[in-house]
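1. Fold the following for me, if possible:
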Amino acid sequence: GTEMNAQFHRFAREELVPDIDFIPTYGNTLMGLAYSKPFEQTDNYSIIYYPPNPRAVIELVTPDDPYETVGYGKTGRVMLTTLTE
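-> Next up, the predicted model:
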């Protein structure tokens, strides 16, 4: 996959496609799509995802330890838990 950081989010919104509503998403075939929360400038272009509940839970963890979640506003690796049969 690829990443979308706050710098690219700002670039896409303000320079690449300034006249459309740019909505970041994260997803895969196991969980479907996680949409980002509606854009607010006070978020400083951070991307905050809502997982497709109740069938999936996403957490941000440190790259070295999948049991250690990262703090709010920090960068980490996405850990996906699917709740399917």
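
2. going forward, measure contacts and count neighbours with C-alpha atoms only.
-> Will do.

3. Any idea how many residues pack against Tyr67?
-> As a burial measure, the neighbour count of Tyr67 was computed by other Cα atoms under 10 Å and equals 12.

4. Enumerate every residue touching the nearest residue to it once chain neighbours are set aside.
-> The shortest distance from Tyr67 to any residue that is not its chain neighbour, by Cα to Cα, 6 or more residues apart in numbering, is 6.8 Å, and that residue is Val61. Under the criterion of Cα atoms under 8 Å, 6 or more residues apart in numbering, the contact list for Val61 reads 67-70, 76-79.

5. doesn't Val61 fall inside a strand?
-> Yes: using DSSP: H, G, I helix; E, B strand; the rest coil, the assignment for Val61 is a strand.

6. Name whatever forms a beta bridge with it.
-> For Val61, the beta-bridge partners are Thr69, Arg77 (DSSP bridges).

7. So which of the contacts of Val61 is the closest to Arg55?
-> Each of the contacts of Val61 was checked against Arg55 using Cα to Cα; the closest is Met79, at 14.1 Å.

8. Just the element for that closest one, please.
-> Using DSSP states H and E, the element containing Met79 is strand 77-82.

9. who's in contact with that strand?
-> Contact with strand 77-82 is made by 30-31, 55-63, 66, as judged by Cα under 8 Å, 6+ apart.

10. pull the CA atoms of it into PDB?
-> These are the backbone C-alpha positions of strand 77-82, laid out as PDB (Å, rounded to 0.1, in the frame of the first residue of the first chain):
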ATOM      1  CA  ARG A  77       1.300   1.000  11.500                       C
ATOM      2  CA  VAL A  78      -2.300   0.000  10.900                       C
ATOM      3  CA  MET A  79      -3.400  -3.200  12.700                       C
ATOM      4  CA  LEU A  80      -6.700  -4.600  11.400                       C
ATOM      5  CA  THR A  81      -9.000  -7.000  13.300                       C
ATOM      6  CA  THR A  82     -11.900  -8.300  11.400                       C
END
